[in-house]
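[1] The following comprises the amino acid sequence and a computationally predicted model.
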Amino acid sequence: MNILLIDDDPQLRKSLRLALETMDHHVADVRDGAQAETVLGQGLFDVALLDLQLARETGLDTLPTLLRLAPGLAVVVITAYATIETAVEAMRRGAFDYLPKPFTPDQLRMVLDRAAKMRRLQSHVVELEEQVRSIVPEADLHTAEPVMLQALEMAFRVAPSEATLLLRGESGTGKGVLARAVHARSPRAAGPFITVHCPSLSVELLESEMFGHALGAFTGAVRETQGKVAAAEGGTLFLDEIGDLPMPLQPKLLRLLQEKRYERVGEARTRASNVRILAATNRDLAVLVAEGKFREDLLYRLNVVEVLLPPLRQRPHDILPLANHLLQFFARQSTRLIEGFSDEAQEALQRYPWHGNVRELRNAVERGVILTPASTVGLADLPAQVGSPPLGRNVDVGGRVTLDELEAEHLRRILAAAATLDEAADILGIDPSTLYRKRKRYGL
């Protein structure tokens, strides 16, 4: 590693430089903070060894400047005047570690090994983030529609606070994307963003996933787990589709919101939590309260600020910009030179009602990029229902339409909104093989 040594004792600098170079590190040594600033402006360093007592200054005063000039620098404070108070203060100001004098080469090597491991982990995280960005298109929250601008303005105004935010909107409107954007604009942005999918598991498994469980809490609990509430400590816990949260878990969530307290499954110990709650739903929680399926007091705690995301069909001016943003991403991902959409394809994209919202648009664009043999995505490359919507497009319940037309339109909307065919079959209350036959019958 590249190491910067800051100490006013020339003999110590000489001996430390020799020891570090013997360990195959590259070393620059200076006597004070001013020289350190100059050297940091000339190159990149992985670690700084900073003496706590310099000639005309203290290392604690120099520490913030070093971190400002080199944010990724691991600063190890070294001193012959080691106390608990100075150690705590050094760590509070951003030091990576603390090494009391005199120290042995082995002790120094251990500290540097930890610093090297931390840098590898940071590099791995950056690499993983790049991989995720290459798989999932970046969120595009730019909009020209007043109704969407109003929703974004409200959400971002609340973002710096600790207020609980409830995001409402149809499936596929981007509630999860907006929740991440709120987290990124909050004081908790450096903390974790953890998602709990409320309808995904049984009551018992969901409780364990959220709050964790103790060893032996139930059959199969061969080890303890911390749970997603603990994993979100210092950050944001996003409860996706909160309207599907089972009733037995609602009092536990209410306590978490009110008291910031919870217990793991099979454990009597009460734990404190420091998380911000964001929630999303595609259902009307007030209706669920009236039906006895959702607690009224929980609704009040969740609904401190409510933001309603409009469906894509109410954002006609956003359809083509979103489609082009997605096309550019999928073209890069597939390493293809695709310039855009044909005139016919653009007309079809704007005409189609997009019952599955941005999620359905994403799938349609991805399909078009994969199938087009040309440099533009044409009408024939888009899904059939987008290119030439069947009668179901204007089907009105109670109108002069056949049962087949009603069924076809209902199937189309569910397929557009569901993430998978299995999910669509579950929503419809039929098995996947029946769904397959109905799709084949209606050409979906």
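    All right, it came through fine. All values derive from a computational prediction rather than experimental measurement.

[2] Under the pLDDT cut-off, which ranges of the stretch 201-350 of the chain? List them.
    201, 219-222 (pLDDT under 70).

[3] quick one: contacts for the residue nearest to residue 233 when sequence neighbours are not counted?
    Once flanking residues are discounted, residue 233 sits nearest to residue 274: 5.8 Å by CB to CB, 6 or more residues apart in numbering. Every C-beta, even on glycine, is put in place using the N, C-alpha and C of the backbone. The contact partners of residue 274, taken as CB atoms under 8 Å, 6 or more residues apart in numbering, are 233-234, 260.

[4] Now intersect the residues you listed with the helices, please.
    Among the contacts of residue 274, no residue falls in helices (DSSP state H).

[5] Separate out the buried members of these.
    residue 233 (16 or more other CB atoms under 10 Å).

[6] how about CSV for the contacts of residue 274, with distance to residue 293 added?
    Formatted as CSV, those follow (distance: CB to CB, whole Å):
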residue, distance to residue 293
233, 30
234, 33
260, 26
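
[7] what's the closest of the contacts of residue 274 to residue 253?
    Taking CB to CB as the measure, residue 253 lies nearest residue 260 of the contacts of residue 274, at 11.9 Å.

[8] Look up how far residue 398 lies from the closest one.
    49 Å (CB to CB, to the nearest Å).

[9] ok, now which ones touch residue 345?
    368, 376-379, 381-382, 387.

[10] all helices for the stretch 301-444 of the chain, in order.
    With helices called from DSSP state H, counting those that start in this stretch, the stretch 301-444 of the chain shows them at 316-333, 343-351, 357-371, 384-387, 403-417, 421-428, 432-442.

[11] Return the most buried member of those.
    Mean neighbours per residue, mean count of other CB atoms under 10 Å, is largest over those for helix 357-371, with a mean of 21.

[12] Give me the contacts around that helix.
    Here helix 357-371 makes contact (CB under 8 Å, 6+ apart) with 137, 170-174, 311-312, 319, 322-323, 326-327, 330-331, 334, 336, 338, 341, 345, 349, 354, 356, 377-378, 381-383, 386, 416-417, 419.

[13] picking up where we left off before, what's the spacing between the residue nearest to residue 233 and residue 192?
    11 Å.

[14] Between the two, which contacts overlap?
    Jointly contacting residue 274 and residue 192 under the rule CB under 8 Å, 6+ apart are 233-234.

[15] Which other helices and strands does whatever helix or strand residue 148 lives in contact?
    Following DSSP states H and E, one finds residue 148 within helix 146-158. Contacts defined by 3 or more CB pairs under 8 Å, 6 or more residues apart in numbering; DSSP states H and E place helix 146-158 against strand 165-168, helix 175-184, strand 305-308.

[16] now the strands for the stretch 151-300 of the chain?
    Counting by DSSP state E, counting those that start in this stretch, the stretch 151-300 of the chain has these strands, from start to end: 165-168, 193-197, 236-240, 261-262, 271-272, 276-281.

[17] contact partners of the fifth one?
    Strand 271-272 has contacts (CB under 8 Å, 6+ apart) with 230, 260-264.

[18] If you rank the residues you listed by neighbours, which is first?
    Within the contacts of strand 271-272, most neighbours by other CB atoms under 10 Å means residue 264, with 23 neighbours.

[19] Leaving out the residues flanking it, which one is nearest to it?
    Per CB to CB, 6+ apart, closest to residue 264 is residue 212, 4.3 Å.

[20] count of residues packed around the one you found?
    Neighbour tally, residue 212, other CB under 10 Å: 23.

[21] for the stretch 1-150 of the chain, which spans come out with low pLDDT?
    82, 123, 126-139.

[22] any chance you could map the helices in it?
    Secondary structure of the stretch 1-150 of the chain (DSSP H, counting those that start in this stretch): helices located at 10-22, 33-40, 59-69, 84-92, 105-135, 146-158.

[23] okay if I get those as CSV plus mean neighbour count and distance to residue 441?
    CSV is the format used below for the helices of the stretch 1-150 of the chain (neighbours: other CB atoms under 10 Å; distance: least, CB to CB, whole Å):
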stretch, mean neighbour count, distance to residue 441
helix 10-22, 14, 74
helix 33-40, 17, 70
helix 59-69, 18, 65
helix 84-92, 14, 67
helix 105-135, 12, 34
helix 146-158, 16, 37
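
[24] Using TSV, lay out the ones you listed together with distance to residue 294.
    Shown next, in TSV, are the helices of the stretch 1-150 of the chain (distance: least, CB to CB, whole Å):
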stretch	distance to residue 294
helix 10-22	62
helix 33-40	56
helix 59-69	47
helix 84-92	43
helix 105-135	33
helix 146-158	22
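
[25] who wins for proximity to residue 183 among those?
    For residue 183, the closest of the helices of the stretch 1-150 of the chain is helix 146-158, at 10.8 Å, according to CB to CB.

[26] what's in contact with the closest one?
    141, 143, 165, 167, 178, 181-182, 185, 305, 307-310, 314-315, 318.

[27] per-residue pLDDT, the closest residue to residue 434 other than its chain neighbours?
    Nearest non-adjacent residue to residue 434, counting by CB to CB, 6+ apart: residue 425, 7.4 Å away. pLDDT, residue 425: 86.
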